[in-house]
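Trainee: sequence plus predicted model, see below.
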Amino acid sequence: MQNTATPTHCPYCALQCGMNLTPVPDGGVEVTERADFPVNRGALCGKGRTAPAVLSSSVRLTSPLVRSGGTLVPATWDEALDRIAEELQRTRAEHGPDACGVFGGGGLTNEKAYTLGKFARVVLGTSQIDYNGRFCMSSAAAGGIKAFGLDRGLPFPLEDIPKTGCVILVGSNLAETMPPSLRFFTELKENGGTLIVVDPRRTKTADQADLHLMPRPGTDLALALGLLHLIVAEGRVDEAYVAERTAGWEDARAAAMAHWPEYVERITGVPVPQLREAVRMFCEPEAAMVLTARGPEQQSKGTDTVGAWINLCLATGRAGKPLSGYGCLTGQGNGQGGREHGQKADQLPGYRKLDDPAARRHVAEVWGVDPDSLPGPGRSAYELLDALGQDIKSLLLMGSNPVVSAPRAAHIEERIKSLDFLAVCDVVLSETAALADVVLPVTQWAEETGTTTNLEGRVLLRRQAITPPEGVRSDLEVMHELADRLGVEKGFPTDPEEVFEELRRASAGGVADYSGITYRRLAEENGVFWPCPTQDSDTHPGTPRLFLDRFATDDGRARFVPVSHRASAEEPDDEYPVLLTTGRVVAQYQSGAQTRRVDELNAAAPGPFVELHPRLAARLGAAEGDPVAVVSRRGRAVAPARITTGIRPDTVFMPFHWPGEGRANTLTNPALDPTSRMPEFKTCAVRVEAVKS
Ligand code: SF4
């Protein structure tokens with residue numbers, strides 16, 4: 001490896017900040033500023049800055065582990081791979097291909113996600129594959145497809161945000177989840193624009209807002225409908241735009257008119273004058289945006305909620321125009337690309353549908369298999385995990401830690417334990433890997449090359465900067481070796497660029513067309529936005545801004561979706577009178593499998609807590625730091641109290657990064673959205689109890 005700086009990207013969130021990695025004399029690597037990447041212009045949060053610590057962590061796995069006599073013990077690569085192949089073969093022979101499950105992750109590169117989907121369908125012949133990105137933004141994806149015919153996190157680059165007139169940010173605490181992005185909103189305000197934040201907590205992001213709306217968790221849908229009602233009542237609908245570029249307005253209008261402001265105030269707790277002020281701020285400027293994140297999306301009505309916010313944009317002519325639109329702030333590092341190339345239960349590469357005969361033919365031809373041999377759509381992530389040990393007997397898991405991150409986690413942990421066989425690829429012994437029969441130690445971001453697609457739809461090249469430690473192999477090598485052992489000798493290359501070349505062909509003509517993107521272009525340009533088809537005459541520039549001429553529907557018109565408020569799957573009652581909402585803190589990332597191994601991050605965020613209002617704390621007799629128990633119908637979690645007036649008195653908040661007694665996902669409700677199959681992480685009914693010492 002070279003000793004000069006290698007330009008690459010952060011391993012964590014969907015911002016995919018640019019950074020340089022420079023080898024240092026002790027064999028490690030140091031992060032230095034990379035100012036040329038426009039998304040972060042050199043700025044990094046603590047997670048990105050400290051990411052190299054995981055590369056050389058003392059708990060880094062460097063040898064395969066195989067369970068023997070109940071204990072995981074070091075083994076050779078051949079022993080470990082042989083064992084996995086034998087178990088998968090046996091499961092298939094005894095129970096059929098669908099008894100083998102595959103579970104991926106939104107952090108896997110495009111090449112890995114593509115290969116994992118191909119491995120499941122071609123080598124194992126199973127339909128049972130999905131990934132943790134289902135938990136992240138699938139409701140926004142479903143809502144975007146219904147309305148626009150296409151789902152891409154943001155339909156415009158982040159650099160457009162400072163130039164618009166108003167942004168409504170719904171359920172995103174980006175000041176903590178992706179701090180460098182806050183700059184775009186600060187510049188928006190410096191330019192005279194306004195920021196409205198919708199969040200039941202007064203977060204660091206809400207502190208920046210010109211207007212902060214604090215709805216009860218689970219009522220964002222009613223809130224959006226109430227705003228649309230006022231837009232109609234105040235004569236602020238862009239009738240010409242609605243007539244020219246949309247369809248379905250009358251039904252959506254009728255649904256919104258049933259949500260009069262006082263009724264919405266009763267549901268959400270947001271006072272009518274604040275609703276009117278939000279409408280004024282959103283409608284007066286020439287251009288405006290709505291951006292959603294996990295708050296409105298992780299609900300059992302997440303798809304409808306996203307649809308309601310999109311309706312708001314369509315009614316006011318704020319979609320498919322410069323500096324206006326609806327976007328979703330995706331969360332995981334490759335949450336966007338991960339769902340485009342085939343690890344989602346219902347999709348083939350290029351965002352093709354698995355139940356579309358033409359899509360099956362195209363991809364089967366690239367893969368050199370009979371289209372009829374490809375299985376159909378499988379179960380969604382939670383449903384797949386819930387079937388473990390039932391009709392799914394063996395699982396191959398890559399880049400995920402569901403023991404911490406899945407809803408109703410204690411139940412899922414039991415399901416995982418009931419498997420006949422579990423194989424996990426990871427860099428450390430995560431809580432899920434610790435339950436495995438075989439653990440394979442794999443390379444990390446700085447030790448391998450691959451592409452990711454950030455929240456803007458910008459495809460990026462992560463470059464290898466250092467040589468991996470002895471004893472680890474890449475996920476691509478793992479799949480190559482397993483395919484070979486399972487009788488498929490060709491079609492699973494270990495070189496990421498070779499995989500990407502095949503992905504280009506597989507995605508050609510699909511919604512997420514990458515065929516015009518090459519490693520060479522990615523190395524020379526600061527990423528390329530999809531769709532980027534191949535052109536005979538010249539190089540396609542990529543598509544930073546979508547829908548400016550037409551939406552991706554058959555007739556080019558966006559679709560209003562008529563939606564109405566409905567209750568969450570669990571509303572408070574006498575036994576469980578409080579609402580729990582969950583989320584992240586700035587110093588930890590997702591299940592914490594990596595960030596909990598970094599001393600600096602642990603010092604900043606050492607463990608879980610329960611955020612609650614002083615009035616609720618007083619009722620319990622709990623002081624700051626006292627242990628409190630949060631109890632739902634699924635279990636009990638205990639963590640220290642953090643008392644603040646920045647949360648609604650009827651709501652408590654817990655971050656979900658930790659296992660054990662304070663595991664927030666012990667409590668969460670796996671009620672699924674009927675379309676996206678996304679669980680309702682963002683709201684469930686609980687009671688809060690003082691813990692006697
Ligand atoms: Fe990495 Fe996200 Fe932090 Fe940027 S904001 S440094 S991508 S974790």
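Mentor: All right, it came through fine. Being a predicted model, the structure only gives us computed values, none of them experimental.

Trainee: from here on, contacts and neighbour counts on C-alpha atoms
Mentor: Noted.

Trainee: and the residue of the stretch 451-600 of the chain nearest the ligand?
Mentor: As assessed by CA to the nearest ligand atom, the ligand sits closest to residue 589 within the stretch 451-600 of the chain, at 7.5 Å.

Trainee: that residue belongs to a strand?
Mentor: No: under DSSP: H, G, I helix; E, B strand; the rest coil, residue 589 sits outside any strand and is assigned coil.

Trainee: if I pick it, what's in contact with it?
Mentor: Shown in contact with residue 589 (CA atoms under 8 Å, 6 or more residues apart in numbering): 12, 47, 595, 657.

Trainee: how about the second one: what's its closest non-neighbour residue?
Mentor: Using CA to CA, 6 or more residues apart in numbering and skipping residues adjacent in sequence, the residue nearest residue 47 is residue 587, 6.2 Å away.

Trainee: I'd say that neighbour and residue 598 touch.
Mentor: No: taking CA atoms under 8 Å as the definition, residue 587 is not a contact partner of residue 598, at 9.7 Å.

Trainee: coming back round to it: need phi/psi at the residue nearest to residue 47.
Mentor: Note on residue 587: backbone dihedrals following degrees, to the nearest 10 are phi -90, psi 0.

Trainee: who in the stretch 451-600 of the chain is up against the ligand?
Mentor: Proximity of the stretch 451-600 of the chain to the ligand, by CA under 6 Å from any ligand atom, involves no residues.

Trainee: just the strands in the stretch 451-600 of the chain please.
Mentor: Secondary structure of the stretch 451-600 of the chain (DSSP state E, counting those that start in this stretch): strands at 458-462, 528-529, 558-559, 578-583.

Trainee: could I get the ones you listed as TSV with mean neighbour count?
Mentor: Formatted as TSV, the strands of the stretch 451-600 of the chain follow (neighbours: other CA atoms under 10 Å):
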stretch	mean neighbour count
strand 458-462	26
strand 528-529	25
strand 558-559	27
strand 578-583	24
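
Trainee: out of the ones you listed, flag the one nearest residue 683.
Mentor: With CA to CA as the measure, strand 578-583 is the member of the strands of the stretch 451-600 of the chain nearest residue 683 (5.0 Å).

Trainee: list, one by one, the residues from the protein near the ligand.
Mentor: 10, 12-13, 15-17, 44-45, 47-48, 178-180.

Trainee: got those residues as a markdown table, with pLDDT columns?
Mentor: What follows is the residues of the chain next to the ligand, written out as a markdown table (pLDDT from 0 to 100):
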| residue | pLDDT |
| --- | --- |
| 10 | 96 |
| 12 | 95 |
| 13 | 94 |
| 15 | 94 |
| 16 | 96 |
| 17 | 96 |
| 44 | 96 |
| 45 | 96 |
| 47 | 95 |
| 48 | 95 |
| 178 | 94 |
| 179 | 95 |
| 180 | 95 |
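
Trainee: buried subset of these?
Mentor: The neighbour-count test (16 or more other CA atoms under 10 Å) marks 10, 12-13, 15-17, 44-45, 47-48, 178-180 as buried among the residues of the chain next to the ligand.

Trainee: what distance do you get for residue 216 to the ligand?
Mentor: When CA to the nearest ligand atom, to the nearest Å is applied, the distance between residue 216 and the ligand equals 28 Å.

Trainee: ditto for residue 231
Mentor: For residue 231, the distance to the ligand (CA to the nearest ligand atom) stands at 35 Å.

Trainee: about what we covered before: nearest to residue 570, out of the strands of the stretch 451-600 of the chain?
Mentor: With CA to CA, the closest approach to residue 570 among the strands of the stretch 451-600 of the chain belongs to strand 578-583: 9.0 Å.

Trainee: could I get the average pLDDT for the closest one?
Mentor: The predicted model gives strand 578-583 an average pLDDT of 96.

Trainee: partner strands of it, parallel or antiparallel?
Mentor: Strands adjacent to strand 578-583 in the sheet, as given by DSSP bridges, are strand 651-655 (parallel), strand 684-690 (antiparallel).

Trainee: so which other helices or strands are in contact with the following helix or strand past the first one?
Mentor: Using DSSP states H and E, the next helix or strand after strand 651-655 towards the C-terminus is strand 669-672. Using 3 or more CA pairs under 8 Å, 6 or more residues apart in numbering; DSSP states H and E as the contact definition, the elements that strand 669-672 packs against are strand 679-680.

Trainee: for the residue in the stretch 301-450 of the chain that the ligand sits nearest to, list the residues it contacts.
Mentor: Closest approach between the stretch 301-450 of the chain and the ligand, counting by CA to the nearest ligand atom: residue 333, at 7.1 Å. Residue 333 is in contact with 11-16, 106-107, 452-454, counting by CA under 8 Å, 6+ apart.

Trainee: can you check residue 269 too?
Mentor: Remark: with contacts taken as CA under 8 Å, 6+ apart, residue 269 is in contact with 214-216.

Trainee: how about stretch 38-47: buried residues?
Mentor: Along stretch 38-47, these residues count as buried under the neighbour rule (16+ other CA under 10 Å): 39-40, 42-45, 47.

Trainee: for these, which one is nearest residue 407?
Mentor: Distance to residue 407, by CA to CA, is smallest for residue 47 among the buried residues of stretch 38-47, at 24.3 Å.

Trainee: secondary structure element for the closest one?
Mentor: In this assignment (DSSP H and E), residue 47 forms part of helix 46-50.
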